[in-house]
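Enquirer: Starting from these lines, generate the structure:
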Amino acid sequence: MSAALVRNPAHVVVTTRDAVLFAAPDAPLRTIRTEAPEAWSAWLQRLCAPTPAAGLADASDAPPELDAAMVERLVAEGHLLRADAAALERRLCETMERSPAFSFAPRARACEGLLVGCCGSVVAGLVPQTLLSLRYAGFQGRLDAILTASARRFLAPDLLEAYGIRTFTDAFERRDEIRVPHVDLPRGADAIVVLPATANAMARIAQGACSDLLSLCVAAASAPTLLIPAMNQTMWEDPAIRRNAARLRADGRAIVEPTFIFGAADFARGAPRMYGGHGTLWSGPRGVMAAVEAVLARLRPARSPA
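Expert: Modelled structure (predicted):
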C-alpha cells in the first residue's frame, strides 16, 4: 500500500507572524521560519486527514519553505505520522481513546502569571479540566480567568472560584487589588490564552474592538496572546474569518491550528469527525502547556535589566 501522512493530533502546531511552532508535551520545540503562515495553516488543515505522501512537499499549494527533508524531520520528530491510510486511521482512533482530561503531575513553573479567556463555544464546557490541571501542576504562579457573557451559558464562575481560580466576568468588576481589570489583569500576566476562541472573539480582538473585558485585556497587554480557535470547518474556511486570523498573526498574536473534533450539532446523529476542533484537545492540558511554553519562548518580550 502507498504511504500516507497525517498530522499527529497529540502534538500542537502554533502559527505566528513569522514562524510555525511544532510543540509536543515531552519533546523539543521545532521552529520553522516562514513568510507564509497562511499557507502553512492550509497545508496543516489538509494533513488532518491521511494524505498520500508522494509529491506532497512539491505540491503547488505547499508552503514555500517546505521540502522533502523538512517533511522527513517532522516525521522523525513525531509531528507527522506516516503509514498506509488504514493504519493512520487506527492511530487517530487510538489517540482519541487516550485523550487525557487532566494532567496533575508537577511541572517546572513556566511563568508567574497566566490569564485565560474563555469564550462562548460548547467546547467551553471542557475547559475546567485544563484550568484545574494548570492550577494543580503549578505551571504558573497565578492563574486568572475571564468568562465572556456567552461563555457563562456553558460554564459557571462559581465552579472555577471554588477551586481557587480568580474569575472575572465584567470590565467594571473590582476585587482584591484589582481596581481597573483591563489594566491590572494583563499587567500581571506573562501570557494571555483564549480558549476556546470563537469566531466572534477573534473578530473583536482582530479589530481592536475593546467591547468586553477580554478584548480590552488583549489590547492593553504587552504579553503575548495565544488564541485556540474552535469552530466548524465551514466557519474556519469563511473568507472573513481567515482574514481575521491573518490579521491576528500579522499583529503578533499566535494561533493554535485547529485539528479534528466531533460537531456538537451532529453528535446525536453519529458525530462524524470534522475539522475545526481546538488544536490542543487530543493532547489534553499538557498540550495547552506545550503551546504556552512555545509562545513564551518565541514571543515573550525581553525583560529590562534590573
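
Enquirer: How about the contacts made by R142?
Expert: Each residue near R142 by C-beta atoms under 8 Å, 6 or more residues apart in numbering is listed here: 112-114, 188. Every residue, glycine included, has its C-beta placed from N, CA and C.

Enquirer: nope, S99 is what I was after
Expert: 281-284.

Enquirer: Relative to R17, how far out is H278?
Expert: From H278 over to R17 the distance is 21 Å, taken as C-beta to C-beta, to the nearest Å.

Enquirer: Pick out whichever of those two has more residues nearby.
Expert: H278 (26 against 17; other C-beta atoms under 10 Å).

Enquirer: ok, that one to E72 distance?
Expert: Going from H278 to E72 by C-beta to C-beta gives 28 Å.

Enquirer: and what of R174?
Expert: For R174 relative to E72 (C-beta to C-beta), the value is 55 Å.

Enquirer: now P64
Expert: 18 Å.

Enquirer: all helices of the chain, in order?
Expert: 37-46, 68-76, 85-98, 127-137, 157-162, 181-187, 199-206, 213-219, 233-236, 239-250, 284-299 (DSSP state H).

Enquirer: Relative to V6, which of these is closest?
Expert: helix 85-98 (4.7 Å; C-beta to C-beta).

Enquirer: Could I get the pLDDT score of I228?
Expert: For I228, the pLDDT comes out at 98.

Enquirer: i'd like the first residue to be 23 from this point on
Expert: Sounds good: first residue 23 from here, last item I250.

Enquirer: How many neighbouring residues does it have?
Expert: Going by other C-beta under 10 Å, the residues that sit close to I250 add up to 29.

Enquirer: Contact partners for it?
Expert: Residues near I250 by C-beta under 8 Å, 6+ apart: 215-219, 277-278, 300-302, 310, 313.

Enquirer: try I214
Expert: With C-beta under 8 Å, 6+ apart, I214 has these contacts: 137-139, 208, 239-240, 243, 245-248.

Enquirer: Turn those residues into a markdown table, columns for distance to F161.
Expert: As requested, those are arranged in a markdown table below (distance: C-beta to C-beta, whole Å):
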| residue | distance to F161 |
| --- | --- |
| L137 | 13 |
| V138 | 11 |
| G139 | 17 |
| P208 | 18 |
| C239 | 20 |
| V240 | 21 |
| A243 | 19 |
| A245 | 15 |
| P246 | 16 |
| T247 | 17 |
| L248 | 14 |
